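J.: Using only what follows, build the 3D model:
(one chain, ligands or ions: 2)
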Amino acid sequence: MATHETASDKLVYDFAEGNKDLKDLLGGKGANLAEMTNLGLPVPPGFTITTEACKAYLATGREPDGLAAQIAAHLESLEREMGRRLGDPDDPLLVSVRSGAKFSMPGMMETVLNVGLNDRSVIGLSNQAGQNDRFAWDSYRRLIQMFGKTVCDVPGEEFEHALEDAKSAKGTRNDLDLDADDLRGLVDAYKKIFAKHTGREFPQEPREQLDLAIRAVFESWNAERAILYRRQERIPADLGTAVNVVAMVFGNLGPDSGTGVAFTRDPASGAQGIYGDYLANAQGEDVVAGIRNTVPLQELERLDKKSYDELLGIMARLEGHYQDLCDIEFTIERGKLWMLQTRVGKRTAAAAFVIAGQLVDEGLIDLDEALHRVNGAQLAQLMFPRFQLDHEFQPVAKGIGASPGAASGKVVFTSARAVELAAEGESVILVRRETNPDDLNGMIAAKGILTSRGGKTSHAAVVARGMGKTCVSGADELEVDVPGRRFTVAGKTVTEGDVVSIDGTTGKVYLGEVPVMPSEVVQYFEGSLDPEHIDNPLVRAVHRIMTHADARRRLAVRTNADTGADAARARRFGAQGIGLCRTEHMFLGDRRELVERLILARTGTEREDALAALLPLQREDFIEIFREMDGLPVTVRLIDPPLHEFLPPLEQLAVNVAVAQERGEDVAKEEALLAAVRRMHEENPMLGLRGVRLGLVIPGLFAMQVRAIAEAAVAVTEAGGHACPEIMVPLVGAVQELETVRAEAEKIIAEVVGDSGVEVLIGTMIEVPRAALTAGQIAEAAEFFSFGTNDLTQMGWGFSRDDVEGAFFWRYLELGIFGISPFESIDTDGVGRLVRIAAEEGRAARPGLKLGVCGEHGGDPDSVHFFHAVGLDYVSCSPFRVPVARLEAGRAVVETAGSDSR
Ligand code: PEP
Ligand code: MG
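T.: Residues are numbered from 1 along each chain as shown. Ligands and ions are numbered 1, 2, ... in the order given. Okay, here's the model as predicted:
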């Protein structure tokens, strides 16, 4: 083996060796601690064990070769720098061992503080702290508690009960009232709990403590809650976590010490200012766990002006350096400020837009970068409705608006019950005193989260914001009784199953269900708010960024709409035409009877009569849509689903016929219908007589639709409008199918259009894999392709689109066969490859071939980026997703232009 350490052998980095761009290797926390160290900020010294070491451990179940020696070397230099040895009985160095993955996973993984304390060094620590026995024993009991729970799986409640017992014995509810003797007693009690559960004494050897804690952090990557969180947040499962070993600084050394969390802007609204929580005489974990109520950070100015001013200076510096909202954890040890963490802070969707706009105003970033910093998922969230409040609804409590949105639902008190009720289709609000990582399942299942304790940085708040879920935290008027499954507020008792409404923007809590109103962002898109004259920072920021996205994007955005009303709304939302008008809905309602006549026709004349009756109705449908989309292209797809879908279900018909026969009624028509349904029954209707196949089998059906489209276009044009119809043939797999339809259509179009000036394009969907693979041939007969990625996914994977998502996708997601349903986000490797092949071969055969997509993927952010990359001309999606697609199409340009500075 080589004696020199090579780059890949290097498993431990001193803070001075890293920087913020090394997140893959050092995790987010480690990389940013290194960055702050290099900026000369007051960071306690320490080192980071890399994610590579973690991955190696997880793969083999043992520490990689060389790790122990590298830790020893770095520990030695840390000891030298601090002038103390780990766990030295007289003057101990203590360290914290903290997880830190590439992406922040709040509260999901482990931390152990005060490593290095034992029965002897606790005395040394007391001496170090000026004979502060209370502090020393409190630190020791915290170590046993965290170490026991994290490293050795001792049930955490046992420690909590022992702490509660100690407080009641003392007649207090505040842990600060426990004195050194009480805490010494508590250490004994904790040690007994430890021994009972582990069968061994609490380890006294400091290096053993350190090694076991590091191993526990590695292992916490695969803890159930971490796996669940990663799946929810779409964080890859194979990144591993880094481990930071940091010299301890103490916020619990007395009233001149403390700990806090700060944001450089409000992470909920984006407003400028200083936001955060401070807790005197406490360690960081106390803040995040919401164990004691914090004070607003501004209070620190009064408590310790020097540290406050220094903190503000550092915050401004960090914002300038990262050019973004930063969140910060700090500790003050006897008036000395220490930075424990910083990162580009999580924020709500609204704050993301507002802050991006502000940073442009401040000249810190340009509009491209602003566009890069927001995304379609955030925009979609801003389009959610909010509560419509009138005097009828009075809040019963007010907490902190921790994650915006409006949610109503039945109250539940446990994560398990939330999951149960949500599975039954109920909306639920999870109510807790405070949440902890074990509540994650319930938080995912709930519509909203309501806690009686904790601030904007509590676990509930941070996790809910990350998920985009409505959350009110710290509503301390609520007396929550989890075992009794109820809470009381304002003299009222609310029990499990009662409905409450929570407003995550204002923090208000209402009893009963409050009606909701649309978002301002939707009003803006609807055109009812003038962005230039509105005093709403969010709408202004959205307007500005959307305008830039529109200027930057190459992809056009159309909509899928088949009514005039949908078309009109989508146009207001920015749609540049219709990419898919499904004509099948036009055969429902009171037109069913005509369709039945068509299906039951015994002679050519009967069929022609039925079609003739449908023609004017269809013409009116198209006139309405062409008017709404005046001047813009409208792709009308000829009828696609199997005709039996327009008839009553077989079982129902059979029963009706039998009952009527029993009563001696005349059932000739029902019998004919029943026979038709039986005749048309298919084992695999999705692969059966539908789309172009139907058009080729039922004479006159497509011809009637083509005529209606052409006549409608002429009517609109003659009335002074400008109709731009594009006729689209569904389910084509072979060019001959398209050629046959085309030949007939062209004749009708020529006859109807005459010299009206109307131009009608004819193209096809590409939704059968064979069509994609023979796109070069098909392009000869098509002026445009529109990718039907719903069917292309169905037929590409062989997944029945109506069945599989509920049937087994959960297992595929669990196994990581795919990270997201391929019906939601395009499978770029497989189905996407078909798209790419068809686009290339289609264009090679017919330069200028117009290419679009109209499957559900047209409004999915990641898929939009893919369609941009393969060179489509447009995406088409449902009206509400049009703004999202516009934004993402702009982002796709900015990102491929290489201005990605993440
Ligand atoms: C498709 O298959 O992607 C498509 C748009 O058609 P439909 O969803 O109507 O089958
Ligand atoms: Mg289809």
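
J.: okay, and for the protein, where does confidence drop off?
T.: Residue ranges of the chain with pLDDT under 70: 1-8, 107, 287-292, 391, 456-457, 466, 468, 531, 898-902.

J.: Name the residues of it found near ligand 2, please.
T.: Contact residues (CB under 5 Å from the ion) of the chain with ligand 2: 767, 788, 791. Heads up, the C-betas are built off the backbone N, CA and C, glycines and all.

J.: near ligand 1, from those?
T.: Contacts with ligand 1 are made by 767, 788, 791 out of the residues of the chain next to ligand 2, judged by CB under 6 Å from any ligand atom.

J.: check contacts around the second one.
T.: What it means is residue 788. 730, 765-767, 854-855 (CB atoms under 8 Å, 6 or more residues apart in numbering).

J.: Ok, the first one next?
T.: Contacts were defined as CB under 8 Å, 6+ apart; by that measure residue 767 touches 730-731, 787-792, 795, 855.

J.: let's see it at 10 Å
T.: Neighbouring residues of residue 767 by CB atoms under 10 Å, 6 or more residues apart in numbering: 640, 691, 730-733, 785-796, 834, 854-855.

J.: Next, work out how far apart the residue of the stretch 401-550 of the chain found nearest ligand 1 and ligand 2 are.
T.: Distances between the stretch 401-550 of the chain and ligand 1 by CB to the nearest ligand atom are smallest at residue 525, namely 23.5 Å. Distance, residue 525 to ligand 2, using CB to the ion, to the nearest Å: 28 Å.

J.: Quick check: residue 529 touching residue 522?
T.: Yes. Shown here, residue 529 and residue 522 form a contact pair, counting by CB atoms under 10 Å, at 9.5 Å.

J.: How about the residue in this protein that sits furthest from its center?
T.: Each residue of the chain has a distance to the centre, and by CA atoms, centre = their mean the biggest one is for residue 664: 59.9 Å.

J.: can you count the residues close to whichever residue of the stretch 301-450 of the chain sits closest to ligand 2?
T.: Among the residues of the stretch 301-450 of the chain, residue 376 lies nearest to ligand 2; the distance is 23.4 Å by CB to the ion. A count of nearby residues for residue 376, using other CB atoms under 10 Å, gives 23.

J.: who's in contact with it?
T.: By CB under 10 Å, 6+ apart, the neighbours of residue 376 are 549, 859-862, 864-865, 881, 883-889, 891.

J.: For the nearest residue to residue 632 once chain neighbours are set aside, list the residues it contacts.
T.: Counting by CB to CB, 6 or more residues apart in numbering, residue 577 is the residue found nearest to residue 632 once chain neighbours are left out, at 3.9 Å. Contact partners of residue 577, counting by CB under 10 Å, 6+ apart, are 556-559, 561, 567, 570-571, 629, 631-635, 724, 726, 852, 874, 876.

J.: I'd say residue 385 and residue 408 touch.
T.: No. Residue 385 is not in contact with residue 408 according to CB under 10 Å; the separation is 11.1 Å.

J.: Mind checking which of these two has more residues around it?
T.: Higher neighbour count among residue 385 and residue 408: residue 408, with 21 against 13, using other CB under 10 Å.

J.: got a list of what the more buried one touches?
T.: Per CB under 10 Å, 6+ apart, neighbours of residue 408: 387, 427-429, 447-448, 470, 499-502, 510, 512-516.

J.: What residues does the stretch 501-650 of the chain have near ligand 1?
T.: 580, 582, 640.

J.: TSV for those residues, including neighbour count and secondary structure?
T.: Listed next are those as TSV, based on neighbours: other CB atoms under 10 Å; DSSP: H, G, I helix; E, B strand; the rest coil:
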residue	neighbour count	secondary structure
580	26	strand
582	17	strand
640	22	coil
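
J.: quick check, nearest of those to residue 621?
T.: Within these, the smallest distance to residue 621 is 11.3 Å, found for residue 582 (CB to CB).

J.: Touching, residue 321 and residue 36? I think so.
T.: Yes. Using CB under 10 Å, residue 321 is in contact with residue 36, at 9.1 Å.

J.: Return every residue with contacts to both of these two.
T.: With CB under 10 Å, 6+ apart as the test, residue 321 and residue 36 both reach 20, 342.

J.: quick one, which of those two is more surrounded?
T.: Between residue 321 and residue 36, residue 36 has the larger neighbour count (other CB under 10 Å), namely 23 against 15.

J.: what's the distance between the more buried one and residue 235?
T.: Distance, residue 36 to residue 235, by CB to CB, to the nearest Å: 24 Å.

J.: so where do the strands sit in the stretch 1-150 of the chain?
T.: Remark: strands assigned in the stretch 1-150 of the chain by DSSP state E, counting those that start in this stretch are 12-14, 46-49, 85-86, 92-93, 95-101, 111-115.

J.: now the fifth one, how far from the centre of its chain.
T.: I take that to be strand 95-101. Centroid displacement of strand 95-101 relative to its chain, using CA atoms, centre = their mean, to the nearest Å, is 26 Å.

J.: Strand 111-115 and that strand, what's the angle between them?
T.: Orientation check (axes from the mean of the first three to the mean of the last three CA atoms, to 10 degrees): strand 95-101 against strand 111-115 gives 160 degrees.

J.: Which neighbours in the sheet does strand 95-101 have, and how are they oriented?
T.: Sheet pairing for strand 95-101, assigned by DSSP bridges, gives strand 111-115 (antiparallel), strand 241-247 (antiparallel).

J.: next one: the fourth one
T.: Strand 92-93 has the following strand partners under DSSP bridges: strand 85-86 (parallel).

J.: Kindly report the residues of the stretch 751-900 of the chain close to ligand 1.
T.: Proximity of the stretch 751-900 of the chain to ligand 1 is confined to 767, 788-791, 854-855 under the rule CB under 6 Å from any ligand atom.

J.: Alpha carbons of stretch 461-469, as CSV, please.
T.: Presented in CSV, the C-alpha positions along stretch 461-469 are these (Å, rounded to 0.1, in the frame of the first residue of the first chain):
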residue,chain,number,x,y,z
ALA,A,461,-42.0,24.7,10.8
VAL,A,462,-38.8,23.7,9.0
VAL,A,463,-40.1,20.4,7.7
ALA,A,464,-43.6,21.7,6.7
ARG,A,465,-41.9,24.6,4.8
GLY,A,466,-39.7,22.1,3.0
MET,A,467,-42.8,20.1,2.0
GLY,A,468,-44.8,23.2,1.0
LYS,A,469,-47.4,22.2,3.6
